[in-house]
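S.K.: Sequence first, predicted model second:
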2 protein chains.
Amino acid sequence: MANMKQIAKMANVSLGTASNVINNSARVREPLRKRVMEAVEALGYQPSQLARGLRREKTNVIGMIIPDITNPFFPAVVRGAEDTAFSNGYRLILCNTDNDVSKELIHLNELRTYLPTGLIVIPSDFSELTAQAVSYQKSGTALVCVDRIPKHWNGDTVTADNEYGAYCATKHLLQLGHRQLAAIIGPTRLTNVEDRLIGFKRAIREKKIKIGPEYIQETTFDKQGGYSKTMLLLRMIPRPTVIFAGNDLIAFGALLAVRDAGLHCPDDISIIGFDDLDLAEMTNPPLTSVSQPGYQMGTAAAGILIDRVRGDVGPAKHVVLKTALKLRHSVAPPPSRPATKATKKSKAG
Amino acid sequence: MANMKQIAKMANVSLGTASNVINNSARVREPLRKRVMEAVEALGYQPSQLARGLRREKTNVIGMIIPDITNPFFPAVVRGAEDTAFSNGYRLILCNTDNDVSKELIHLNELRTYLPTGLIVIPSDFSELTAQAVSYQKSGTALVCVDRIPKHWNGDTVTADNEYGAYCATKHLLQLGHRQLAAIIGPTRLTNVEDRLIGFKRAIREKKIKIGPEYIQETTFDKQGGYSKTMLLLRMIPRPTVIFAGNDLIAFGALLAVRDAGLHCPDDISIIGFDDLDLAEMTNPPLTSVSQPGYQMGTAAAGILIDRVRGDVGPAKHVVLKTALKLRHSVAPPPSRPATKATKKSKAG
DNA sequence: CAACTTAAATGAAAGCTTTCAATATAAGAT
DNA sequence: ATCTTATATTGAAAGCTTTCATTTAAGTTG
């Protein structure tokens, strides 16, 4: 591959001039500029990103650290980030942590040696991102935290409006007449989980009803967790008339459990999810869910990063993206005669 | 960040010795080695991947070019690749092409300037990978082609056994009594699509039945395509009793179309998919599908790549991974009295 | 037209590794 | 004790770019 020396030689200019033309970093008179450009064209020259990065002490690589690309919510975020990164000349190195701090730490440490422009990270459950941030920022690497925010983080963030999304969803359930609510949420140490729970509880509190703590179950963000916790909830008396699932994966598990328990959603029990994955409309019944804009989270994060690199030194930014309740068919009014309230029945009869 | 010069100075050895210790590239006597290691430890030294890459003319970066991470089949492949890459010290730069040759070409060209160890690519529809391969291989960059193979490609490949998977699936349909089959396949210029079609046709030919070309519809690999083509097939006379979908996304669209047409799957019409995505068990009804091991495709591809980099110069490898028919509930025997054959009914009556 | 200012072009240095030819050291043989 | 030979160690060079202090050219002004 051609290098800059060859370009300079062919165009009969100095190395510095060639560099100036190629990077537009200084005035170069037209005839010389043209000669350089022609040489670039003729030799198909492309600057070595390695040499450039070495000299500039910064590459146009962005590290993206996420829990698991296999989790259906994350691809959209990654894609959003990749798209805006790419169109600004940046590339994405993708790293999965499996929500494991030690893996996250390894990535955080190793990525450093590539002198990335910045890092977009969806932190793991017990993330040590905050501790790492100092040394990164010292070396001029921008960091943006997405989706969930670790404790004491005071840098840029991009999140969905989890609290309000959960609040609206819960209010919807209450309006339909549900009083016996249950929730299966993700690990509460995640801020997004915490916020959803707060929204859920706020709606309930406003309606002046109480639900016992055993109706709020914590689990991992996956189908299995949703399944087993649903089985547990279904055995409770009184049985909940609706399950608020911390995300769609949990909701899918709940759907499966309800089916396996010989019950029917939404006739016997309603289920509402969070994420509004593509597949939510494919389930049986189609899942009512709170949608959050994964793609935009990615673009916003990459956008902030690029702004920072270009010199934006303003105070920490906190982009909060809107959620929206997507109505489908997994939520209906509660069954008119709850199995557990035989009294009502006798009253009627 | 500490550099090697500082290590050498602190350990009181030459630069070369420090390098030899750090890379294990030559014999170094114990006392020196120990001093170097201690200095590394003390300064928290990490070699600059940029300088190393520049000098070695090769980085430990693997470029992964895929159509779209948002397509639910690909994350597993990427994850598989990332896992084996990572555990061997390689990082993944992820690039989406949207099946667009020009985008693919841009990635192919730009990636070069990072001096990647290798490229794992799921080629786009009209890929020009074959043309690019020469120049890459000349510079010692390994290339592995995954899932679909472009024309004239003669390098390493990792694919699923598409032909056999489709053959078995179709045979299953025939055994259930289906005679009026239809297929909605992806772009036939993709080798995996072509292979699936060949398998589909072979099973039919062996059963000595014929189906008109209008019963084989080509579309894009997405829900919309599946939806519209299904609508089209449902209007045909005789109406097919089963739709063989080129992938699960198409099958999902078909499911939706059948529902919207007021029909019921599998009572009125059966649907079979290909991929066996996680969500296939969540649909209504749960989708019978041919599973292909996405994760293993990724690990196999990364494995070959790494072998090549380590010096394996054997002939082109062609890993073909097994598919398996996953039975669920979207396939049933054909309806006993097809609406289009009133004759049969009158005979009976 | 000389003196000076501004603009353009130059080339060496730096950024950090790895490689390799050259040198130094140790061990073994005579 | 001396010479070989094998083994360790060294330090300069190369890989490609960008930066910056200098030099050179062009242009302006009195």
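M.R.: Yes, it's here.

S.K.: Only C-alpha atoms from now on, for both contacts and neighbour counts.
M.R.: OK.

S.K.: wait, residue A:100 sits on residue A:125?
M.R.: Yes. Using C-alpha atoms under 8 Å, residue A:100 and residue A:125 qualify as a contacting pair, with a distance of 7.2 Å.

S.K.: neighbours around the residue lying closest to residue A:149 once chain neighbours are set aside, how many?
M.R.: What sits nearest to residue A:149 in space, not counting adjacent residues and going by C-alpha to C-alpha, 6 or more residues apart in numbering or on different chains, is residue A:191, at 5.8 Å. Residue neighbour count, defined by other C-alpha atoms under 10 Å in any protein chain shown, stands at 18 for residue A:191.

S.K.: can you pull the pLDDT of residue A:191?
M.R.: Listed pLDDT for residue A:191 reads 93.

S.K.: if I look at it, how far off is residue A:173?
M.R.: Here the distance between residue A:191 and residue A:173 works out to 23 Å (C-alpha to C-alpha, to the nearest Å).

S.K.: which stretches of the stretch 1-150 of chain A form strands?
M.R.: Listed from the start of the chain, the stretch 1-150 of chain A has strands (DSSP state E, counting those that start in this stretch) covering A:61-66, A:91-96, A:118-121, A:142-146.

S.K.: Using CSV, lay out these together with mean pLDDT.
M.R.: What follows is the strands of the stretch 1-150 of chain A, written out as CSV (pLDDT from 0 to 100):
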stretch, mean pLDDT
strand A:61-66, 98
strand A:91-96, 98
strand A:118-121, 97
strand A:142-146, 96
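
S.K.: JSON lines for these, including mean neighbour count?
M.R.: As requested, the strands of the stretch 1-150 of chain A are arranged in JSON lines below (neighbours: other C-alpha atoms under 10 Å in any protein chain shown):
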{"stretch": "strand A:61-66", "mean neighbour count": "26"}
{"stretch": "strand A:91-96", "mean neighbour count": "25"}
{"stretch": "strand A:118-121", "mean neighbour count": "26"}
{"stretch": "strand A:142-146", "mean neighbour count": "25"}
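
S.K.: quick one, helices of chain A?
M.R.: Under the criterion DSSP state H, chain A carries helices at the ranges A:4-11, A:15-23, A:30-43, A:49-56, A:74-87, A:101-111, A:129-138, A:162-175, A:191-206, A:223-234, A:248-260, A:294-309, A:342-348.

S.K.: Check those helices for me and report the most buried one.
M.R.: Relative to the other members of the helices of chain A, helix A:248-260 carries the highest mean neighbour count by mean count of other C-alpha atoms under 10 Å in any protein chain shown, namely a mean of 25.

S.K.: can you list contacts of it?
M.R.: Outside of helix A:248-260, the residues that reach it under the criterion C-alpha atoms under 8 Å, 6 or more residues apart in numbering or on different chains are A:184-185, A:221-231, A:244-245, A:264-265, A:271-277, A:280, A:283-284, A:289, B:282.

S.K.: How far does it sit from its chain's centre?
M.R.: In terms of C-alpha atoms, centre = their mean, to the nearest Å, the gap separating the centre of helix A:248-260 from the centre of its chain is 22 Å.

S.K.: again, but for stretch A:22-36
M.R.: On C-alpha atoms, centre = their mean, the centre of stretch A:22-36 falls 43 Å from the chain's centre.

S.K.: Not counting residues beside it along the chain, what's closest to whichever residue of the stretch 51-200 of chain A sits closest to chain B?
M.R.: Taking C-alpha to the nearest C-alpha, chain B has its nearest neighbour within the stretch 51-200 of chain A at residue A:93, 4.4 Å off. The spatially closest residue to residue A:93, leaving aside those adjacent along the chain, is residue B:93, at 4.4 Å (C-alpha to C-alpha, 6+ apart).

S.K.: what is that neighbour paired to in the beta sheet?
M.R.: According to DSSP bridges, residue A:93, residue B:63 are recorded as the beta-bridge partners of residue B:93.

S.K.: hang on, the earlier thing: what residues are up against the residue of the stretch 51-200 of chain A closest to chain B?
M.R.: Residues in contact with residue A:93 (C-alpha under 8 Å, 6+ apart) are A:61-64, B:91-94.

S.K.: Can you pull up the residues of the stretch 1-150 of chain A that come close to chain B?
M.R.: Within reach of chain B by C-alpha under 8 Å from any C-alpha of the partner chain, the stretch 1-150 of chain A has these residues: A:46-51, A:53-54, A:68-70, A:72, A:75-76, A:78-79, A:82, A:91-96, A:113-115.

S.K.: go with 6 Å
M.R.: Counting by C-alpha under 6 Å from any C-alpha of the partner chain, the residues of the stretch 1-150 of chain A close to chain B are A:48-50, A:54, A:69-70, A:75-76, A:92-94, A:113-114.

S.K.: I'd like these as a markdown table, with distance to residue A:257 appended.
M.R.: Formatted as a markdown table, the entries for those read as follows, by distance: C-alpha to C-alpha, whole Å:
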| residue | distance to residue A:257 |
| --- | --- |
| A:48 | 55 |
| A:49 | 52 |
| A:50 | 53 |
| A:54 | 55 |
| A:69 | 25 |
| A:70 | 22 |
| A:75 | 26 |
| A:76 | 28 |
| A:92 | 39 |
| A:93 | 38 |
| A:94 | 34 |
| A:113 | 47 |
| A:114 | 46 |
